[in-house]
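Trainee: next one to model:
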Amino acid sequence: MRVVGLDLAGMDKNDTGFCLLGDKIEVKLLHRDSEILEEINRVKPDLIAIDAPFGFPVIGQWRPGEAQLIKRGFNPVNTHIPSMALLVKRAIELVKILREKGYRVIEVYSKASAKILGTTKEPRKNKDEYEALLCALTGKAYLEGEAEDLDGIIVPK
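Mentor: The predicted structure follows:
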């Protein structure tokens, strides 16, 4: 099983965390969509788990999955904030490309995964790489039937 976790940045000048979870664990920082696509094509994962909203609310302030996260005590960031809107737009385009190439892609929320899995980041580790690892672990749980689908947002059980 090969799972890629991505902690996607809203702008390509910022770091996107990339984690391959397979026979070994590989983490790195990427920037441009072309770099992300190149790495994914190189490793050919069974699943890609991305920490970024895949869309905007149809009505109101929250998407249904975000409302479920809030009910469980999590605090997702509102997609109407300008920096989040950039992230959503980037995620929508990247997910479209990945799915057109035949990849399975899921949306995850790494902060919920960290709490559910009981993990904490070591102070000297990179935040983006750590969150990419959480995404990959959530994707692995999903493939193993150990995850929940909260109206499109996947979290570990």
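
Trainee: in the helix or strand that contains residue 114, what's buried?
Mentor: Using DSSP states H and E, residue 114 sits within helix 110-117. With burial defined by 16 or more other CB atoms under 10 Å, the residues of helix 110-117 counted as buried are 110, 111, 112, 113, 114, 115, 116. In short, each C-beta sits where N, CA and C put it, glycine included.

Trainee: how about the residues you listed in TSV, adding distance to residue 87 and pLDDT?
Mentor: Formatted as TSV, the buried residues of helix 110-117 follow (distance: CB to CB, whole Å; pLDDT from 0 to 100):
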residue	distance to residue 87	pLDDT
110	13	96
111	14	95
112	17	97
113	18	97
114	19	96
115	21	95
116	22	96
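
Trainee: just give me the neighbour total for residue 21.
Mentor: For residue 21, the neighbour count with other CB atoms under 10 Å is 23.

Trainee: what packs against the longest helix seen in the chain?
Mentor: Longest helix in the chain by number of residues (criterion: DSSP state H): helix 82-100. Counting by 3 or more CB pairs under 8 Å, 6 or more residues apart in numbering; DSSP states H and E, the packing neighbours recorded for helix 82-100 are helix 33-43, strand 47-50, strand 105-108.
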